[in-house]
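Novice: all I have is the shape, not the residue letters:
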């Protein structure tokens with residue numbers, strides 16, 4: 001079944017987009033369909049396996065109702081303003097309505113050159129496409145707002161990066177592809193008359209509750225601040241490192257967007273840098289919350305023609321309390337705590353410090369807490385923690401006392417923790433194995449890994 005398109009973004013003024021037909025891939029083949037997402041959207045998997053679907057997924061045809069455009073935006077890249085950005089290797093095909101009435105973007109990544117490609121080939125390679133496909137499902141299963149992908153297509157198209165790789169396309173599904181950089185570009189390019197046009201569109205589509213507020217644009221910024229704070233807190237709670245937190249990679253709707261050299265923390269290191277191009281550590285894992293605020297400051301500056309400066313500051317001041325509240329709630333849940341106490345944040349931090357000193361695996365350590373009673377953990381502390389025995393024992397005793405004040409049943413506590421602490425986390429080496437096989441035409445490992453990351457809490 002072909003999705004029925006209802007395209008609203010192209011009704012915005014043309015400076016924000018350019019029509020562009022996709023470029024066909026050479027000898028395309030469907031590698032994977034995201035069947036759980038198809039089911040959620042009420043789409044027929046049989047049709048999505050058809051030649052008609054493949055033609056649209058690979059750039060050989062444009063589906064009826066689709067109207068492909070490349071979006072124009074700018075962005076601060078590693079803190080430096082760049083006005084010459086836009087969709088350089090992807091096209092917004094249009095929007096569909098989910099069964100619940102939600103409007104979703106369909107975006108074809110790797111679809112060839114656009115007016116904003118800046119001399120690039122407009123292609124995506126299979127390696128990065130597989131990584132994005134898996135990351136979106138991994139984060140979604142962990143409860144983190146994110147773009148996802150509906151289908152992955154491979155090909156014989158040669159694409160030169162560091163070496164010659166094969167081209168691929170990824171059909172991305174998102175609440176929105178509007179970025180902080182859209183507003184920044186309008187502001188810095190002097191298109192101030194279009195700022196309220198785009199802001200009204202974002203309010204109507206993503207923040208309808210702001211429409212009835214006395215100051216709708218101020219309410220919009222406050223809503224974006226809140227969603228961004230929540231997203232940054234969730235990244236920190238699950239140990240996700242984005243790697244390229246440029247303002248053009250930040251979604252106005254609060255979803256994780258644009259996966260580059262991402263990673264999930266393994267041995268706990270808050271100073272971890274997953275992007276080998278990030279020589280200064282600007283986007284190191286522990287810097288993510290402050291970069292979220294930096295990006296919001298850039299957005300606030302872009303909205304300054306619409307919102308008075310005191311109101312901008314008031315909105316930005318909401319960020320830190322919201323971030324801390326979401327982070328504290330998330331980490332309490334990971335430790336199986338239902339009530340709030342003033343010392344909880346220190347208990348969490350001392351646990352993380354313990355993991356850092358011992359170079360302990362972050363997800364495995366939290367999962368281990370969820371699979372044994374505290375008494376059993378204390379009984380095995382010498383064998384498990386070695387040189388850290390005394391520090392671990394002291395922390396476990398504090399943890400036991402904290403749990404006792406809640407009067408929680410250990411079995412209930414463990415079950416609740418196992419529902420938020422995954423037993424499986426996407427590891428880079430597993431993704432690389434799936435990529436290697438997929439490049440040889442074997443997608444069995446990819447499909448197996450996909451099912452695992454979609455069900456991370458099930459042993």
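Specialist: Received it, and whenever you're ready, just let me know what you need. Only a predicted model underlies this, so the values are computations on that prediction, with no experimental measurement involved.
Novice: just the strands in this protein please.
Specialist: Remark: strands assigned in the chain by DSSP state E are 17-19, 29-33, 69-77, 80-86, 90-97, 103-109, 124-125, 148-160, 164-174, 240-241, 263-264.
Novice: check which helices and strands the longest one is in contact with.
Specialist: Helices and strands touching strand 148-160, by 3 or more C-beta pairs under 8 Å, 6 or more residues apart in numbering; DSSP states H and E, are strand 29-33, helix 35-40, helix 51-57, helix 126-141, strand 164-174. For glycine as for every other residue, the C-beta is placed from the backbone atoms N, C-alpha and C.
Novice: against residue 243, how distant is residue 439?
Specialist: Per C-beta to C-beta, to the nearest Å, residue 439 is found 22 Å from residue 243.
Novice: what about the two, which has more around it?
Specialist: Using other C-beta atoms under 10 Å as the criterion, residue 439 and residue 243 rank with residue 243 on top: 22 against 15.
Novice: identify the residues contacting the more buried one.
Specialist: Contacts for residue 243 were tallied using C-beta atoms under 8 Å, 6 or more residues apart in numbering; they are 260, 261, 262, 263, 274, 275, 278, 283.
Novice: so for it, what's the pLDDT?
Specialist: At residue 243, the model reports a pLDDT of 97.
Novice: just residue 213 next, same as before
Specialist: 97.
Novice: hmm, residue 219 and it touching each other?
Specialist: Yes - using C-beta atoms under 8 Å, residue 213 is in contact with residue 219, at 3.9 Å.
Novice: quick check: neighbours shared by the two?
Specialist: Taking C-beta under 8 Å, 6+ apart as the contact criterion, no residue touches both residue 213 and residue 219.
Novice: more neighbours: the two, which one.
Specialist: Neighbours were counted for residue 213 and for residue 219 using other C-beta under 10 Å; residue 219 has more, 20 against 15.
Novice: domain parsing of this protein, as residue ranges.
Specialist: Domain segmentation of the chain under the TED database yields 9-177+429-454, 180-333, 339-407.
Novice: first-to-last residue distance for the last one?
Specialist: To tie it back to what came earlier, the one meant is domain 339-407. One end of domain 339-407 to the other measures 11 Å (C-alpha to C-alpha, to the nearest Å).
Novice: the first one too?
Specialist: With C-alpha to C-alpha applied, domain 9-177+429-454 spans 31 Å between its terminal residues.
Novice: returning to what we had before: wait, which of the helices and strands packed on strand 148-160 is closest to residue 74?
Specialist: strand 164-174 (19.5 Å; C-beta to C-beta).
Novice: just checking: what are the partner strands of that closest one?
Specialist: Here strand 164-174 has these sheet partners by DSSP bridges: strand 103-109 (antiparallel), strand 124-125 (antiparallel), strand 148-160 (antiparallel).
Novice: in the longest one, what's buried?
Specialist: Which is strand 148-160. Going by neighbour count (16 or more other C-beta atoms under 10 Å), the buried part of strand 148-160 is 148, 149, 150, 151, 152, 153, 154, 155, 157, 159.
Novice: what's opposite the last one in the beta bridge?
Specialist: Spelled out, that is residue 159. In beta-bridge terms (that is, DSSP bridges), residue 159 pairs with residue 165.
Novice: and the angle from the longest helix belonging to the chain to helix 126-141?
Specialist: Using DSSP state H, we find that the single longest helix of the chain is helix 216-238. Comparing the axes of helix 216-238 and helix 126-141 via axes from the mean of the first three to the mean of the last three C-alpha atoms, to 10 degrees yields an angle of 100 degrees.
Novice: what mean pLDDT does helix 216-238 have?
Specialist: Throughout helix 216-238, pLDDT has a mean value of 98.
Novice: and it, what does it pack onto?
Specialist: Against helix 216-238 (3+ C-beta pairs under 8 Å, 6+ apart) you get helix 195-206, helix 288-302, helix 309-316, helix 319-334.
Novice: any chance of those in TSV, plus mean neighbour count, distance to residue 116 and mean pLDDT?
Specialist: Below are the helices and strands packed on helix 216-238 laid out as TSV (neighbours: other C-beta atoms under 10 Å; distance: least, C-beta to C-beta, whole Å; pLDDT from 0 to 100):
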stretch	mean neighbour count	distance to residue 116	mean pLDDT
helix 195-206	18	17	98
helix 288-302	20	19	98
helix 309-316	16	29	98
helix 319-334	17	30	98
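Novice: redo those helices as CSV? Include distance to residue 371.
Specialist: Formatted as CSV, these follow (distance: least, C-beta to C-beta, whole Å):
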stretch, distance to residue 371
helix 195-206, 40
helix 288-302, 28
helix 309-316, 41
helix 319-334, 13
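Novice: quick one, what contacts the residue lying closest to residue 89 once chain neighbours are set aside?
Specialist: Counting by C-beta to C-beta, 6 or more residues apart in numbering, residue 89 lies nearest to residue 122, which is 4.5 Å off, once chain neighbours are set aside. When contacts are counted by C-beta under 8 Å, 6+ apart, residue 122 touches 23, 88, 89, 110, 111, 112, 113, 114.
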